[in-house]
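Peer 1: please work out how this folds:
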Amino acid sequence: MRNVQIKCNRERRLFDTIDGSRLKVLIKCSNTKACPYKSDCLRTTEIILGAEKEAFDEFYKPINCPYCGKRLFDVTTDSVGIITIKCEMCGKVATIPVIADQI
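Peer 2: Sure, this is the predicted structure:
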């Protein structure tokens with residue numbers, strides 16, 4: 001499987017995922033220090049991959065950095081994939097498996 005870079009509307013890299021992921025993610029741009037569009041970075045962006053918006057449920061769970069505990073993003077409970085993201089607080093890169101909750 002190949003990696004896919006997910007970028008904000010200003011073309012700044014948010015995170016990487018694998019091709020074929022089925023994700024609905026709420027995330028704030030973590031490039032606030034380097035990005036000249038700071039007002040856009042304050043907004044939460046909804047990213048939908050692999051299915052139509054209506055295919056996902058509306059229940060979200062927070063995903064935290066496994067190293068420092070900072071909240072990185074929220075993901076719907078029925079999302080499936082792998083996300084690689086750099087934590088802006090501790091600077092470490094985390095690869096996080098996103099697994100749908102079993103009901």
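
Peer 1: quick one, strands of this structure?
Peer 2: 3-7, 13-18, 23-28, 44-49, 60-64, 71-76, 81-86, 93-98 (DSSP state E).

Peer 1: ok, the closest residue in space to C90 that isn't next to it in sequence - contacts?
Peer 2: Excluding the flanking residues, the one nearest C90 by Cβ to Cβ, 6 or more residues apart in numbering is C68, at 4.1 Å. Bear in mind the C-beta positions are built from the backbone N, C-alpha and C, glycine included. C68 makes contacts with 87, 89-90, 92, as judged by Cβ atoms under 8 Å, 6 or more residues apart in numbering.

Peer 1: and those, which two are furthest apart?
Peer 2: M89 and K92 (9.1 Å; Cβ to Cβ).

Peer 1: which residues do these two both contact?
Peer 2: Common neighbours of M89 and K92 (criterion: Cβ under 8 Å, 6+ apart): 65, 68.

Peer 1: for V93, which non-adjacent residue is closest in space?
Peer 2: Closest to V93 by Cβ to Cβ, 6+ apart is K86, at 5.0 Å.

Peer 1: ditto for K92
Peer 2: Distances taken as Cβ to Cβ, 6+ apart put Y67 closest to K92, at 4.8 Å, once the chain neighbours are dropped.

Peer 1: how about CSV for the strands of the chain, with mean neighbour count and mean pLDDT added?
Peer 2: Output for those, formatted as CSV (neighbours: other Cβ atoms under 10 Å; pLDDT from 0 to 100):
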stretch, mean neighbour count, mean pLDDT
strand 3-7, 13, 88
strand 13-18, 18, 90
strand 23-28, 21, 88
strand 44-49, 14, 86
strand 60-64, 14, 93
strand 71-76, 21, 93
strand 81-86, 19, 94
strand 93-98, 14, 94
